[in-house]
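Novice: here are the coordinates; sequence isn't available:
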């Protein structure tokens, strides 16, 4: 199953980067995922960190799927769903522990990536991590999300994928960013 393979790939990157250990040290971690699709990564992370508060920002069409999927499988989980145009409604008094974006920023225009980076930077504290897994989509008329993200955050590491039992896409890198 393609969806399971992709989810396991992302979980492997997250594990390799030490994010599981990082989240275990936080009593009630707050995770923000931009572009969660139908919610499979959110489901897996909430299974491992049931005390987490999980915020999903996505286009309304995708939120329909993730809200049904996650509320059915995890009816008592602390999950919040925001339309992509509601990012400004996130409480700026709360510090986000982990921001996640996988693939969707590589489908954005440069201005959209910059907009999201400006907004999520307001939610960062000194320990916040930003995990992103995007590809360079300039040949398709989109953007290289990582080059734009680098204007707002400092690259902590590019994750090698040593736990992935197959060769991941060569033009798609997973990275951890921290506050500048």
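Specialist: Cool, the structure landed. Because the structure is a prediction, the values reported are computed rather than measured.
Novice: what about the residue nearest to residue 124 when sequence neighbours are not counted, how many residues close to it?
Specialist: In space, residue 124 comes closest to residue 179 once its chain neighbours are excluded; the distance is 4.7 Å by C-beta to C-beta, 6 or more residues apart in numbering. C-beta: built from backbone N, CA, C; applies to glycine. Using other C-beta atoms under 10 Å, residue 179 has 14 neighbouring residues.
Novice: Check the spacing between residue 179 and residue 155 real quick.
Specialist: Look at residue 179 and residue 155: by C-beta to C-beta, to the nearest Å, they are 12 Å apart.
Novice: Can you report phi and psi for residue 76?
Specialist: phi -100, psi 0 (degrees, to the nearest 10).
Novice: And it, how close does it get to residue 98?
Specialist: Counting by C-beta to C-beta - residue 76 and residue 98 are separated by 21 Å.
Novice: which of these two has more neighbours?
Specialist: residue 98 (24 against 7).
Novice: okay, now the residue lying closest to the more buried one once chain neighbours are set aside: neighbour count?
Specialist: With C-beta to C-beta, 6+ apart as the criterion, residue 98 has its nearest non-adjacent residue at 4.7 Å, and that residue is residue 31. For residue 31, the count of nearby residues is 24 (other C-beta under 10 Å).
Novice: From here on, call the first residue 369.
Specialist: Noted, 369 is the first residue going forward, which turns the last one into residue 399.
Novice: hmm, who's touching stretch 424-432?
Specialist: 400-407, 410, 434, 447-452, 454-455 (C-beta atoms under 8 Å, 6 or more residues apart in numbering).
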